[in-house]
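Peer 1: Take this sequence and fold it.
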Amino acid sequence: MRISLFRCAVSRRTASVFAAAALLSASAFAQTPFPTKPVRLVVPWPAGASPDVTARFIAERLTKDLGQPVLVDNRPGASQIIGTDLVAKAPADGHTLLFTAAPSVSLNPHVFTKLPYKASDLVPVIHVVEVPFVMIVRANSPFKSVDELVQAAKREPGKLNYATYGDGTPSHIAALQFVQKAGIAMTAIPYKDGGILSVMSGDVEFSMEASAAAIPQINGGKLRGLAVSANGRVPNLPGVPVLSEIYPGNQLHSWNGILAPRGTPPEALNRLSVALQKIVASSEFQQKALDLGLIPVGGTQAQFASFLAKDFEEWGAVVKRNNIRLD
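Peer 2: Got it, this is the predicted structure:
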């Protein structure tokens, strides 16, 4: 009897010890600071592209702040769908992030009928930079202003052409917005490379090209910038007017920002947001962005969320008006 009672007492005591240990372990796990392992930053462009350069700059500095490696994972292709879908389906623990642009969540959901993810599958972390579009013509083009181009198009409706990266791409939608705001008829010509060489040769009259690609060619004397599609003037092109100054509401442009899978813990999002705000606000990053022809933004998660909601509606309005749908 004494042995049985002793065993019973020991059993209860052991169970209590294990239960207390389990609670302590769970508490310690819950309080483990983020991150607990390397962070993967998925970039849906090839290595060396402007967004990749920006992402790697940020990853290097974020590594120092978080105390864990931040590794860039290039997943280019399919209008950013491959990389975006990967992150949308990744574990929502803050260790997989997406460095992306307008097509992923603002444009693709309107254009593609079979998109494998929804914009709501991702949540905003930080708005990194604004990527203006520059309306470019060849350096010796007879058009020295937007008005001259518009008047020529009105004289010969449908005869003038503009280059795009293909139907439903940002360059196409931004150019469509301009053409319709100006009340002119022009023909879109798709090119895999966006047609920048065809603009230089004069095969097409103009295109809407991302600032990072357009500015070096303008500075090199191969192209002329007629206007920028952005929220304001571009520091690297101070003499080039903003399209919205000519046609109010004509300001579609791209951006780069960081998103996370929906359901990522607030603690992880806050930790990332604070660290990234410091990086984007630093003079080092600000100068790097301007050198690339980009406009640094930064700000809070809430500010980025507000921007994304408006951006989604603006891209969608042009797509719907022109009934653009892709399989």
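Peer 1: Go ahead and measure how far stretch 286-293 is from the middle of the chain.
Peer 2: Distance of stretch 286-293 from its chain centroid, counting by C-alpha atoms, centre = their mean, to the nearest Å, is 16 Å.
Peer 1: burial count for residue 290?
Peer 2: Residue crowding around residue 290 was assessed by other C-beta atoms under 10 Å; the count is 15. Every residue, glycine included, has its C-beta placed from N, CA and C.
Peer 1: Can you point out the helix or strand that includes it?
Peer 2: Element membership of residue 290, judged by DSSP states H and E, is helix 283-291.
Peer 1: What does the pLDDT read for residue 131?
Peer 2: In this prediction, residue 131 carries a pLDDT score of 97.
Peer 1: Name the nearest residue to it, ignoring sequence neighbours.
Peer 2: Beyond its immediate neighbours in the sequence, the residue positioned closest to residue 131 (C-beta to C-beta, 6 or more residues apart in numbering) is residue 254, lying 4.0 Å away.
Peer 1: show me where pLDDT drops low in the chain?
Peer 2: Across the chain, the ranges flagged by pLDDT under 70 are 1-31.
Peer 1: Please repeat the previous calculation with a cut-off of 80.
Peer 2: Within the chain, the set of residues satisfying pLDDT under 80 comprises 1-32.
Peer 1: Mind telling me which residue is nearest the centre of it?
Peer 2: residue 101 (1.7 Å; C-alpha atoms, centre = their mean).
Peer 1: thought that residue was touching residue 50?
Peer 2: No - in this structure, residue 101 sits apart from residue 50 without contact. The criterion is C-beta atoms under 8 Å, and the distance is 10.0 Å.
Peer 1: Which parts of the stretch 201-327 of the chain are strands?
Peer 2: According to DSSP state E, counting those that start in this stretch, the stretch 201-327 of the chain carries its strands in the segments 206-210, 223-229, 254-261, 295-296.
Peer 1: what would these look like in JSON lines with distance to residue 134 and mean neighbour count?
Peer 2: Written out in JSON lines, the entries for the strands of the stretch 201-327 of the chain read as follows (distance: least, C-beta to C-beta, whole Å; neighbours: other C-beta atoms under 10 Å):
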{"stretch": "strand 206-210", "distance to residue 134": "6", "mean neighbour count": "27"}
{"stretch": "strand 223-229", "distance to residue 134": "5", "mean neighbour count": "24"}
{"stretch": "strand 254-261", "distance to residue 134": "12", "mean neighbour count": "24"}
{"stretch": "strand 295-296", "distance to residue 134": "12", "mean neighbour count": "20"}
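Peer 1: distance of the closest residue to residue 211 other than its chain neighbours from residue 45?
Peer 2: Leaving aside its chain neighbours, residue 211 sits nearest to residue 293 (3.9 Å; criterion: C-beta to C-beta, 6+ apart). The span separating residue 293 from residue 45 equals 16 Å under the rule C-beta to C-beta, to the nearest Å.
Peer 1: ok, now residue 173?
Peer 2: If you measure residue 173 against residue 45 using C-beta to C-beta, the figure is 19 Å.
Peer 1: Which of the two has more residues huddled nearby?
Peer 2: Here residue 173 and residue 45 are compared on neighbour count by other C-beta under 10 Å; more neighbours surround residue 173, at 26 against 21.
Peer 1: For the more buried one, identify the helix or strand it belongs to.
Peer 2: With DSSP H and E as the criterion, residue 173 is inside helix 170-182.
Peer 1: So which other helices or strands are in contact with that helix?
Peer 2: When contacts are defined as 3 or more C-beta pairs under 8 Å, 6 or more residues apart in numbering; DSSP states H and E, helix 170-182 sits against strand 133-138, helix 146-155, strand 161-164, strand 187-190, strand 206-210, strand 223-229, helix 301-322.
Peer 1: hey, C-alpha coordinates of it in PDB?
Peer 2: Presented in PDB, the C-alpha positions along helix 170-182 are these (Å, rounded to 0.1, in the frame of the first residue of the first chain):
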ATOM      1  CA  PRO A 170       1.700  48.600 -67.300                       C
ATOM      2  CA  SER A 171       3.200  50.400 -70.400                       C
ATOM      3  CA  HIS A 172       0.200  49.600 -72.400                       C
ATOM      4  CA  ILE A 173      -2.400  50.600 -69.800                       C
ATOM      5  CA  ALA A 174      -0.500  53.900 -69.000                       C
ATOM      6  CA  ALA A 175      -0.300  54.800 -72.700                       C
ATOM      7  CA  LEU A 176      -4.000  53.900 -73.200                       C
ATOM      8  CA  GLN A 177      -4.900  56.300 -70.400                       C
ATOM      9  CA  PHE A 178      -2.900  59.100 -72.100                       C
ATOM     10  CA  VAL A 179      -4.400  58.400 -75.500                       C
ATOM     11  CA  GLN A 180      -8.000  58.500 -74.200                       C
ATOM     12  CA  LYS A 181      -7.400  61.500 -71.900                       C
ATOM     13  CA  ALA A 182      -6.000  63.300 -75.000                       C
END
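Peer 1: now the angle from that helix to helix 146-155?
Peer 2: Taking axes from the mean of the first three to the mean of the last three C-alpha atoms, to 10 degrees, one finds that helix 170-182 is oriented at 80 degrees with respect to helix 146-155.
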